[in-house]
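Participant: this is the structure alone, sequence omitted:
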């Protein structure tokens, strides 16, 4: 049974988790008909003005960010002096739940899944940093997973704007000790590099299954972040390549300037290190069979199938693979077969206009083979030379008729004055 009261718009379904500052509940939004998560401030913080201010700041900070890898805030309000935040519901739990289940089952998180989670978390953090917002509490418990295994960064409860100095005082430590950056452990203001340091700690835990500094109480862990060098991940997980140690050492550097310039750059370097150490699959070399040299044999060129007709303008080859001699082409000027090269005085040639090589006259044909060549040309669709009468008619049609001279025209036709006039009619008598 639910032990909290919310406005009538929300109907409480079950309790999800509780923290040191608030509790989270699953509820149904009756107006929009969707499942939401409601975060309610603890009753012992009702009279604490600083806690209420920090709680409302979380809602305002998250509402400024719009990204699929950042938890979406739907509503904020108070009901019977209890402050609450309505946010996006994630049915897959958190990355901390998956790590706990992997330890209990004796198997770690797959590296492909770990890299995808780290990249999605880096995308959300880079969006927040571009807006001038520092999370200051990056840890697996604040990385939410939905039903489709999509990750989103949540719980901006102690986040602050980069230019806001009222939220954090000098010497005040906020965050989780196991994921604190050295500057946060010393009480200095946190920056975007602090979030990248915490993301490197999460990457170490996802790849090895253990935290880099987890010995002793929280104060001892914070001291290790400041003084102790980061351990090698390849010692905790021997199957990791050595290049991963260098990338994580850079992400866990004590100085801010030595860390990667962005969260995405850290994940890119980590992915390249993991891919470089992955064994490449090489197929074994196979010996090719010996080839015995044989004499080349010329095969007869097969003709077209019987059911296929030859293309127009081509003579089908006879059976046996041998082709018929090509018919002589016709000269462009005389429209008759020409001898080869247009020799002067060759049979069938012309002395006045020998063919040029560009006209591609065929080889010389003997007078006996001329009718056969003409027959073959007619069978292939080529034009036969016209008869002599047709040529003479065509030549006469092309030449203009001679016009008579002007002098002859004057002689044949008398001038107008010499033409005979009709006799005038006699005058009428009275």
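Facilitator: Thanks, I have the structure now. Remember, predicted model here, so these are calculated numbers, not experimental data.
Participant: remind me, longest helix of the protein?
Facilitator: Assignment by DSSP state H gives helix 111-130 as the longest helix of the chain.
Participant: which strands and helices sit next to whichever helix or strand comes after it?
Facilitator: For helix 111-130, the succeeding helix or strand toward the C-terminus, using DSSP states H and E, is strand 133-134. Helices and strands touching strand 133-134, as assessed by 3 or more Cβ pairs under 8 Å, 6 or more residues apart in numbering; DSSP states H and E, comprise strand 160-161, helix 192-208. Yep, even glycine has a C-beta here, placed from its N, CA and C like the rest.
Participant: give the rounded mean pLDDT of the first one.
Facilitator: pLDDT averaged over strand 160-161 equals 48, rounded to a whole number.
Participant: which one of the helices and strands packed on strand 133-134 lies closest to residue 40?
Facilitator: When the helices and strands packed on strand 133-134 are ranked by distance to residue 40, counting by Cβ to Cβ, first place goes to strand 160-161 at 22.4 Å.
Participant: if we can go back for a sec, highest mean neighbour count out of the helices and strands packed on strand 133-134?
Facilitator: Sort those by mean neighbour count, taking mean count of other Cβ atoms under 10 Å, and helix 192-208 sits at the top with a mean of 25.
Participant: and that helix with helix 111-130, angle?
Facilitator: Taking axes from the mean of the first three to the mean of the last three Cα atoms, to 10 degrees, helix 192-208 and helix 111-130 form an angle of 170 degrees between their directions.
Participant: contacts for the helix or strand following helix 192-208, please.
Facilitator: Following helix 192-208 in sequence order, the next helix or strand is helix 218-227 (DSSP H and E). For helix 218-227, the surrounding residues in contact (Cβ atoms under 8 Å, 6 or more residues apart in numbering) are 173, 177-178, 180-182, 185-186, 213-216, 254.
Participant: run the last query once more with 10 Å
Facilitator: Applying Cβ atoms under 10 Å, 6 or more residues apart in numbering, the external contacts of helix 218-227 come out as 173, 175-186, 197, 201, 211-217, 228, 230-231, 252, 254.
Participant: just say helix, strand or coil for residue 246.
Facilitator: For residue 246, the secondary structure call by DSSP: H, G, I helix; E, B strand; the rest coil comes out as helix.
Participant: what about it, distance to residue 262?
Facilitator: Summarising the geometry, the distance separating residue 246 from residue 262, computed by Cβ to Cβ, to the nearest Å, is 18 Å.
Participant: residue 197 too?
Facilitator: In this view, residue 197 and residue 262 are 13 Å apart by Cβ to Cβ.
Participant: residue 228 reaches residue 212, doesn't it?
Facilitator: Yes - using Cβ atoms under 10 Å, residue 228 makes contact with residue 212 at a distance of 8.7 Å.
Participant: looking at these two, which is more packed in?
Facilitator: Neighbours per residue (other Cβ atoms under 10 Å) separate residue 228 from residue 212, with residue 212 holding more: 23 against 13.
Participant: can you read off the pLDDT for that one?
Facilitator: The per-residue pLDDT reported for residue 212 equals 92.
Participant: still on that earlier bit, buried members of the contacts of helix 218-227 into ChimeraX, please.
Facilitator: Here is the ChimeraX command that selects the buried residues among the contacts of helix 218-227 (16 or more other Cβ atoms under 10 Å):
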select :175,176,177,178,179,180,181,182,183,184,185,197,201,211,212,213,230,231,252,254
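Participant: packing partners of the longest helix of the chain?
Facilitator: Under the contact criterion of 3 or more Cβ pairs under 10 Å, 6 or more residues apart in numbering; DSSP states H and E, helix 111-130 touches helix 95-105, strand 133-134, strand 143-145, strand 151-153, helix 192-208, helix 263-277.
Participant: at 6 Å what do you get?
Facilitator: Contacts of helix 111-130 with other secondary structure elements, assessed using 3 or more Cβ pairs under 6 Å, 6 or more residues apart in numbering; DSSP states H and E, are made with strand 151-153, helix 192-208, helix 263-277.
Participant: mind putting those into a markdown table with distance to residue 44 and mean pLDDT?
Facilitator: Written out in a markdown table, the entries for the helices and strands packed on helix 111-130 read as follows (distance: least, Cβ to Cβ, whole Å; pLDDT from 0 to 100):
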| stretch | distance to residue 44 | mean pLDDT |
| --- | --- | --- |
| strand 151-153 | 27 | 95 |
| helix 192-208 | 28 | 95 |
| helix 263-277 | 35 | 92 |
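Participant: ok, which of these comes nearest residue 13?
Facilitator: For the helices and strands packed on helix 111-130, the distance to residue 13 is smallest for strand 151-153, at 20.6 Å, taking Cβ to Cβ.
Participant: in that closest one, which residues are buried?
Facilitator: Within strand 151-153, the residues that count as buried by 16+ other Cβ under 10 Å are 151-153.
Participant: so what touches it?
Facilitator: When contacts are taken as Cβ atoms under 6 Å, 6 or more residues apart in numbering, the neighbours of strand 151-153 outside the stretch itself are 69-71, 117, 120-121, 124, 143-145.
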